[in-house]
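Novice: 3D model of this:
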Amino acid sequence: MSDETRNALAVALFSEILTNDQLIRNRLSRVLPKGMEVSHFSVLNHLAHLNDERSPAQLAKNFHVTRGAMTNTLSKLELAGYVHIRPDWDDARRKKVAISPAGRTAREAAISAIAPMISEMVADLGEDKVRATLPVMRELRGRLEAKE
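Specialist: Coordinates of the predicted model:
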């Protein structure tokens with residue numbers, strides 16, 4: 001494959017990924033519970049899966065955003081009562097974040113709202129195509145994360 005062909009293929013791949021990302025975010029925003037943003041759901045979902053506390057810095061790193069952006073998201077989640085933020089008992093300069101019971105409830109409501117849309121897309125595409133795509137997407141993510 002020539003460099004020109006390889007470059008065109010790479011541009012086409014990333015163009016599709018970026019367009020899909022925007023379309024998915026738009027659809028999620030329309031079905032998420034009132035006041036919940038995609039970033040809020042993402043953090044709540046992450047904390048629920050961990051079932052443990054994380055520092056804002058760890059969350060920022062996990063989501064590949066600045067600490068300021070994560071602090072903004074966490075402030076909104078705390079104001080809504082979805083997370084508890086406390087001092088780190090080992091280092092008072094740091095904080096720890098945990099999902100609250102209200103956050104778990106909000107996450108479940110969000111999942112209930114988005115599940116039909118996601119299930120419909122998987123059904124439309126076909127489960128075999130989705131299963132075949134996942135390893136490629138995971139490998140791409142892994143390579144991108146390794147280059148950070």
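
Novice: What ranges does this protein have for its strands?
Specialist: Counting by DSSP state E, the chain has strands at residues 83-88, 91-99.

Novice: and the ones you listed as a markdown table, adding distance to Glu37?
Specialist: All C-beta spots, glycine's among them, are computed from the backbone N, C-alpha and C. Converted to a markdown table, the strands of the chain look like this (distance: least, Cβ to Cβ, whole Å):
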| stretch | distance to Glu37 |
| --- | --- |
| strand 83-88 | 14 |
| strand 91-99 | 16 |
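
Novice: Which one, of these, ends up nearest to Glu53?
Specialist: Proximity to Glu53 (Cβ to Cβ) singles out strand 91-99 among these, at 4.2 Å.

Novice: I'd like the strands of the chain laid out as a markdown table, including distance to Asn26 and mean pLDDT.
Specialist: Below are those laid out as a markdown table (distance: least, Cβ to Cβ, whole Å; pLDDT from 0 to 100):
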| stretch | distance to Asn26 | mean pLDDT |
| --- | --- | --- |
| strand 83-88 | 25 | 94 |
| strand 91-99 | 26 | 92 |
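
Novice: got a markdown table for those strands, with mean neighbour count too?
Specialist: Shown next, in a markdown table, are the strands of the chain (neighbours: other Cβ atoms under 10 Å):
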| stretch | mean neighbour count |
| --- | --- |
| strand 83-88 | 15 |
| strand 91-99 | 14 |
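
Novice: Show me where this protein has its helices.
Specialist: With DSSP state H, the ranges of helices along the chain come out as 3-31, 38-50, 56-63, 67-79, 101-125, 127-146.

Novice: Before I go, just wanted to say thanks for your time.
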